[in-house]
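1. Here's my sequence, what's the structure:
(one chain, ligands or ions: 1)
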Amino acid sequence: ARERSARADRLESLGQLAGGVAHDFNNLLAIILNYADFLADQVSGEAADDLSKIRNAAERAKSLTGQLLLFAKREPTQVEIIDLNQVVIEADELLGRTIGENVRLVCRPSAGSMPVRANRGRLDQILLNLVINARDAMTDGGVVVVETDVVTISDGPAAPLPPGRYARLTVSDTGCGMTAEVRDRLFEPFFTTKSADRGTGLGLATVYGIVGDAGGTIGVESAPGIGTTFRILLPSATPTGDTPADPSSGELAHG
Ligand code: ADP
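-> Okay, the predicted model is just below:
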């Protein structure tokens with residue numbers, strides 16, 4: 001457990017560092033774009049072409065730092081009691097269309113409702129990032145299954161989280177899987193095996209941060225050539241607003 005929390009600390013400080021750098025870069029890029037706009041009125045011909053290349057590159061850089069800032073953002077978002085099953089049902093309708101021809105999305109929310117204390121937009125983000133990664137891992141087609149169920153964690157020295165009821169979100173794919181080396185690093189910000197125009201390496205770092213903030217944990221199982229399964233546990237919230245487990249005492253809780 002000590003090893004895991006050192007790892008959580010390391011990821012947390014990497015995130016803060018990345019956020020600080022992104023913030024400064026964003027300001028510098030705004031200056032570059034400002035001057036490029038200013039110059040655009042004064043040049044023509046080849047110089048105008050060159051200038052528009054500078055502008056485009058700066059715009060791309062700005063969109064990257066924007067993603068980075070989104071990832072690093074630790075300011076509290078509005079948290080409410082949300083039915084995780086409803087999030088899954090709506091994701092089924094939305095993502096089903098964007099996921100591609102040869103990849104099938106199967107959503108199996110548990111019966112009834114699964115209240116968790118979280119921010120709606122951030123829960124959507126978790127599902128989006130995991131499903132997009134699953135799609136990217138299945139270039140030859142396959143199935144991604146999204147499921148929910150309830151698990152109870154009892155007290156004990158090996159318990160990964162405080163005792164109580166948890167909502168479990170499982171996203172599994174039949175994709176390329178990953179090696180142990182990739183598995184060890186996949187939550188690190190900027191770690192990606194994708195080409196620069198496809199991956200930022202921020203998707204899972206973002207998911208990790210959101211889950212930690214909500215007092216939960218995320219685990220992964222993967223086998224090269226067979227597929228990958230992500231499991232997320234979030235403290236279950238009763239409709240009255242009580243959580244059986246205090247999120248702030250969760251080992252991975254931060255922010
Ligand atoms: P990105 O998708 O931009 O690369 P992520 O943080 O979302 O960044 O993922 C990091 C890396 O983890 C990916 O580049 C990929 O190598 C690996 N990965 C993530 N999800 C899966 C998956 N479902 N199957 C196989 N590899 C995955």
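
2. can we go C-alpha only for contacts and neighbour counts from here?
-> Will do.

3. which residues sit in contact with the residue of the stretch 1-150 of the chain found nearest the ligand?
-> Closest residue of the stretch 1-150 of the chain to the ligand, C-alpha to the nearest ligand atom: Ala134 (3.9 Å). Taking C-alpha atoms under 8 Å, 6 or more residues apart in numbering as the criterion, Ala134 is in contact with Val144, Ser172, Asp173, Gly175, Thr228.

4. Tell me the helix or strand right after the strand or helix carrying it.
-> Using DSSP states H and E, Ala134 sits within helix 120-136. Remark: after helix 120-136, the chain's next helix or strand is strand 142-153, criterion DSSP H and E.

5. residues in this protein within reach of the ligand, list them.
-> By C-alpha under 6 Å from any ligand atom, the residues of the chain that approach the ligand are 133-134, 137, 175-178, 186-187, 191-194, 199-205, 228.

6. Mind checking which of the residues you listed are buried?
-> 133-134, 137, 175-178, 186-187, 191-192, 200-205, 228 (16 or more other C-alpha atoms under 10 Å).

7. Next step: these restricted to strands.
-> Within these, residues falling in strands by DSSP state E are Thr228.

8. Tell me which of the buried ones among the residues of the chain next to the ligand fall in helices.
-> Asn133, Ala134, Gly203, Leu204, Ala205 (DSSP state H).

9. Now these in TSV, please, with extra columns for pLDDT.
-> TSV is the format used below for those (pLDDT from 0 to 100):
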residue	pLDDT
Asn133	95
Ala134	96
Gly203	90
Leu204	94
Ala205	90
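
10. Tell me which two in the residues you listed are the farthest apart.
-> Ala134 and Ala205 (15.5 Å; C-alpha to C-alpha).

11. Now find how far off-centre stretch 218-233 is within its chain.
-> Mean C-alpha position of stretch 218-233 versus that of the full chain (C-alpha atoms, centre = their mean, to the nearest Å) differs by 15 Å.

12. Under the pLDDT cut-off, which ranges of this protein? List them.
-> 1-5, 8, 11, 73-76, 98, 239-255 (pLDDT under 70).

13. now the strands for it?
-> Counting by DSSP E, one finds strands in the chain at the ranges 80-83, 103-108, 115-118, 142-153, 164-173, 217-223, 227-235.

14. Listing partners with orientation, what would you give for the second one?
-> Same thing as strand 103-108. Using DSSP bridges, the strands paired with strand 103-108 are strand 142-153 (parallel).

15. returning to what we had before: and which of the ones in helices among the buried ones among the residues of the chain next to the ligand is nearest Gly96?
-> Closest to Gly96, out of all of these and judged by C-alpha to C-alpha, is Ala134, at 12.8 Å.

16. what about stretch 109-129, start to end distance?
-> One end of stretch 109-129 sits 18 Å from the other (C-alpha to C-alpha, to the nearest Å).

17. Flag every buried residue along it.
-> By neighbour count on 16+ other C-alpha under 10 Å, the buried set for stretch 109-129 is 109, 114-120, 122-123, 125-129.

18. Work out which residue lies at the spatial centre of the protein.
-> Val207 (2.8 Å; C-alpha atoms, centre = their mean).

19. didn't that residue look like it was pressed against Asn129?
-> Yes. Counting by C-alpha atoms under 8 Å, Val207 touches Asn129, with 7.4 Å between them.

20. if I pick Val151, what's in contact with it?
-> Contacts for Val151 (C-alpha under 8 Å, 6+ apart) come out as Arg165, Tyr166, Ala167, Arg168.

21. Now the residue nearest to the centre of the chain. Nearest residue, chain neighbours left out?
-> Nearest residue to Val207 in three dimensions, chain neighbours excluded: Ile126, at 5.3 Å (C-alpha to C-alpha, 6 or more residues apart in numbering).
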